[in-house]
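A.B. asks: prediction below, plus the sequence it came from.
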Amino acid sequence: MVGSQGKRPCVVLTIRGSDNAYGDDDDGYVYPERYREALSPLETGEAMLALIYEPRRGGGRQAYVAWALLSAPPEPAGKTTKGQRQWRVRYDGGLIPLPHPVAQEEKEQVFETFLRTIPREERGPAQRDTSVRPLLPEDFSAVLTAAGLLPALTVTDHADRVQRERQAVERLVRDRGFRLRVLSAYSWRCAITGWSAPPRLSHALLDAAHWVAVKDGGSDGVRNGLALTPTVHRLLDAGMLSFAFQDNLWRLQRHKLLDNFELDGLGGHLQLVDGQPLMLPGDQQRLWPELPAHT
């Protein structure tokens with residue numbers, strides 16, 4: 001669900017690199033009762049976007065380091081040592097690291113609106129007791145743009161800029177949703193090599209590929225997706241691999257340029273056999289790729 005103005009509510013979640021008293025990890029975030037209001041949209045079924053910040057305290061990089069989609073309601077997580085109730089919110093598919101950390105201020109740009117009027121030397125104290133704080137959607141977009149995840153916009157018209165930023169963020173969220181649905185359907189395992197990765201490492205070790213590209217009319221449904229290792233995905237995009245439905249199975253077809261192709265190294269052994277069946281989800285009716293129209 002998206003907010004009434006077409007924007008998802010956003011929030012900053014602060015995580016210490018060490019002295020992590022709440023036990024936050026790559027799967028979820030724990031917070032005390034006093035921050036419950038900042039995440040209240042989740043309790044009414046409204047999805048949120050989270051930006052993860054590491055403070056200097058605890059050995060952090062004093063930078064934004066990851067983002068996440070939140071959609072599930074928070075769950076009770078016991079009490080603090082002082083008896084205050086705690087809650088835990090789960091990241092959909094785990095944290096997504098930014099390509100590189102983004103400092104709170106880069107090239108004289110302060111990303112969070114509430115910090116812009118505060119002198120740099122006073123920003124640390126100003127953030128005390130704000131480990132969970134609301135974030136304007138345009139501030140979220142600015143950080144992801146600085147990290148290289150969103151395109152830099154040159155438009156000057158404010159309304160046009162806001163609309164394009166919203167569309168870019170929604171596209172990023174939609175792509176993330178497609179990835180999660182496909183990799184989960186394939187049990188976090190490459191359909192060709194069988195190599196698998198736990199969900200928290202899947203962003204680096206597995207891709208969710210489209211059978212039919214979106215630009216060619218393909219959908220973002222699971223049946224138009226395939227879990228692949230990045231190397232195999234690149235070979236597919238280069239036209240070195242394709243698929244055919246034979247003997248009631250989807251099988252790999254290898255381009256002749258890959259005859260006798262094998263890859264050996266410290267990372268393991270990769271062999272692509274022409275005609276080998278793909279390792280597909282168990283639910284053939286709902287999750288297998290759709291058959292070509294002529295079959």
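C.D. replies: Yep, that arrived.
A.B. asks: any idea how far Glu43 is from Pro9?
C.D. replies: As judged by C-beta to C-beta, to the nearest Å, Pro9 and Glu43 stand 12 Å apart. (Glycine included, C-beta is placed from N, CA and C.)
A.B. asks: isn't Pro101 right up against Val65?
C.D. replies: Yes. Counting by C-beta atoms under 8 Å, Pro101 does reach Val65; the two are 5.0 Å apart.
A.B. asks: so what's in contact with these two at the same time?
C.D. replies: Counting by C-beta atoms under 8 Å, 6 or more residues apart in numbering, the contacts common to Pro101 and Val65 are Glu54.
A.B. asks: can you report phi and psi for the residue of the chain positioned farthest from its centre?
C.D. replies: Distance from the C-alpha centroid of the chain, by C-alpha atoms, centre = their mean, peaks at Asp247 (36.6 Å). Torsion angles at Asp247 (phi, psi; degrees, to the nearest 10) stand at phi 50, psi 40.
A.B. asks: ok, which stretches of the stretch 1-150 of the chain are helices?
C.D. replies: Counting by DSSP state H, counting those that start in this stretch, the stretch 1-150 of the chain has these helices, from start to end: 123-126, 137-146.
A.B. asks: which stretch among the ones you listed comes nearest Glu106?
C.D. replies: helix 137-146 (6.0 Å; C-beta to C-beta).
A.B. asks: and the closest one, what does it pack onto?
C.D. replies: In this structure, helix 137-146 packs against strand 10-14, strand 48-54, strand 63-70, strand 96-103, helix 158-185, with contacts taken as 3 or more C-beta pairs under 8 Å, 6 or more residues apart in numbering; DSSP states H and E.
A.B. asks: what residue ranges in the stretch 151-295 of the chain score low on pLDDT?
C.D. replies: Across the stretch 151-295 of the chain, the ranges flagged by pLDDT under 70 are 199-203, 260-268, 292-295.
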